[in-house]
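Asks: The amino acid sequence is not available; the structure is as follows:
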Ligand SMILES: Nc1ncnc2c1ncn2[C@@H]1O[C@H](COP(=O)(O)OP(=O)(O)OP(=O)(O)O)[C@@H](O)[C@H]1O
Ligand SMILES: [Mg+2]
């Protein structure tokens, strides 16, 4: 039996040639486990025992194993923010109450977040003693990938289905059958025991894709694994923030990619618990919007909160800014306009649901390439003819969301914080999101890194914009200026931004192009009509020349005039017959 090969795209690795112990992190470092390229990996659950003495979270293991990803979220908190953090612990109710919908106590118990009482004493003992809750089930550790070919291990491995409905699978299958029908000789490819066809040694790199199409379906089996392990195959770490570490995973059952966020620290009884719940509450209430990262599920496992979200294949806006910077490029104005419009649409939705985000910044805005974004067509985008720059921006990380009417403010990153929030004026919180959005767009436009505090921090909040390395149109620049107005009421609402002519300009341009095309079609029709009219006039003057023998109607050279409308001879009886030169009468 061959070892389990989980596939994935062009970088198919010949299992026989992979080194003996090849962890996901090594794959990650070698650039194979990340990005759009999937890899062939083997799972080795037996190696979990290595962490015998590991004290707390597997995420800490992740952190130590992985090359440290430069955290875009090195969150800067003002003293007042810290104050709020402390305060939020003290005001935490023992039974959490959603800011928007009440959660039944039974459901809360099911989240298994109340494993320990949250008394100071228990918290203290929790922090000093090795956590027993984390040792309950050793198999509840993060997945490991090795190239083990041990059949005993392989037999315990849940596999991954390939969703036949994804555009990518459609493409692969089509190409596969095309190639197959072209092949006259029979390849000596053989199936492995998991239904993945193994790549014959002589296949070309072009055939790498097809080598792993499953020939039979896999069902998720009831292993004694954590939900995370049994339901998902981890492909690599894609980001880290203050609250959690995010991994790109494929769901074994549906074969689709997801971003799975796992809280860094154990939850029970801590302030993190409130933050984690906030994020879940907000996602659950917000439902589905094309400019808000989609939420699928959340559960608590090993005292860590796990949130399953839509995977955004373009990463975060922060990553995109850094990448562009490295290439010496900047977001151009049309891209900035799209960014502002999309985030405004997402904010409009959040605000209209009675909530505010309070942590809008580049590392919390995610990018989806349009080709892979199934949901775009459901949005206002469709009405507008789709995004003009080929990407969709989505608001994510709802960990600071609170309600507009009864806010429990846990300020986000101080670099993006509106002045009024710092001064605990929560009377117009949606405009605090607008302020952060303005700074986000400025950063994307090439503004220097934002100050965390000090004079520069204050001057940015007194309508003094930083200098930019590119010339923006005066209209767009002044729009950004209004987003940063020191007076919250002067900032436009998200809803007003969605209708703003500066942001709709591209779309207006598209509409004009569409109208021009339609005008050309109409012009052509008119020309055809005129030509036919001309011919009809000639035919009226010399009827013999216009009709072939036996025909009672003139030959219609185009689609017009419509049947039933006689342009010529309206006053004459219909049963007239005309001759036509060349046909002989
Ligand atoms: N759905 C997703 N698709 C793609 N990448 C993601 C997704 N969610 C998170 N990431 C990556 O992981 C990083 C951290 O995610 P997120 O902001 O949700 O974590 P956090 O711990 O709440 O952050 P913060 O420090 O802002 O509180 C993001 O900046 C991004 O790079
Ligand atoms: Mg974040």
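Replies: Nice, I can see it. Predicted model, so just to flag it, every value in this text is computed and none were measured. Ligands and ions are numbered 1, 2, ... in the order given.

Asks: only C-alpha atoms for contact and neighbour calcs from this point on.
Replies: Fine.

Asks: what separates residue 468 from residue 484, distance-wise?
Replies: From residue 468 across to residue 484, the span is 15 Å (Cα to Cα, to the nearest Å).

Asks: Show me which of those two is the more surrounded one.
Replies: residue 484 (28 against 13; other Cα atoms under 10 Å).

Asks: pull the helix or strand with minimum mean pLDDT from this protein.
Replies: For the chain, counting by mean pLDDT, DSSP states H and E, strand 145-146 ranks last in confidence among helices and strands (a mean of 31).

Asks: How much space separates residue 532 from residue 176?
Replies: Residue 532 is 51 Å from residue 176, by Cα to Cα.

Asks: Oops, could you answer that again for residue 492 instead?
Replies: Distance from residue 492 to residue 176, by Cα to Cα: 52 Å.

Asks: In terms of neighbours, single out the busier of these two.
Replies: Taking neighbours as other Cα under 10 Å, residue 492 and residue 176 compare with residue 492 leading, 21 against 17.

Asks: Now do the contacts for the more buried one.
Replies: If you count contacts by Cα atoms under 8 Å, 6 or more residues apart in numbering, residue 492 has them with 431, 434, 482-483.

Asks: Inside helices: which ones of those residues?
Replies: Mapping the contacts of residue 492 onto helices (DSSP state H) picks out 431, 434, 482-483.

Asks: Ligand 1: which of the residues you listed is nearest?
Replies: For the ones in helices among the contacts of residue 492, the minimum distance to ligand 1 (Cα to the nearest ligand atom) is 17.2 Å, reached by residue 434.

Asks: which residues does the closest one contact?
Replies: Listed by Cα under 8 Å, 6+ apart, the contact partners of residue 434 are 483-484, 491-494.

Asks: Go again with 6 Å.
Replies: residue 483 (Cα atoms under 6 Å, 6 or more residues apart in numbering).

Asks: Give me the pLDDT value at it.
Replies: pLDDT recorded at residue 434 is 98.

Asks: Next: residue 495.
Replies: 97.

Asks: Am I right that it is in contact with residue 348?
Replies: Yes - between residue 495 and residue 348 there is a contact at 5.3 Å, judged by Cα atoms under 6 Å.

Asks: more neighbours, the two?
Replies: Between residue 495 and residue 348, counted using other Cα under 10 Å, the more crowded position is residue 348 (22 against 17).

Asks: Quick check: the gap between that one and residue 434.
Replies: From residue 348 to residue 434 the distance is 10 Å (Cα to Cα).

Asks: now residue 407
Replies: 17 Å.

Asks: Flag every buried residue along stretch 402-414.
Replies: Buried residues in stretch 402-414, counted by 16 or more other Cα atoms under 10 Å: 402-404, 408-414.

Asks: Make JSON lines out of those residues and add distance to residue 242.
Replies: Shown next, in JSON lines, are the buried residues of stretch 402-414 (distance: Cα to Cα, whole Å):
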{"residue": "402", "distance to residue 242": "18"}
{"residue": "403", "distance to residue 242": "22"}
{"residue": "404", "distance to residue 242": "24"}
{"residue": "408", "distance to residue 242": "19"}
{"residue": "409", "distance to residue 242": "17"}
{"residue": "410", "distance to residue 242": "13"}
{"residue": "411", "distance to residue 242": "13"}
{"residue": "412", "distance to residue 242": "11"}
{"residue": "413", "distance to residue 242": "10"}
{"residue": "414", "distance to residue 242": "13"}
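
Asks: out of the residues you listed, who's nearest residue 268?
Replies: Checking those against residue 268 by Cα to Cα gives residue 410 as the nearest, at 18.9 Å.

Asks: tell me the contacts of that closest one?
Replies: Neighbouring residues of residue 410 by Cα under 6 Å, 6+ apart: residue 400.

Asks: can you give me phi and psi for it?
Replies: phi -120, psi 90 (degrees, to the nearest 10).
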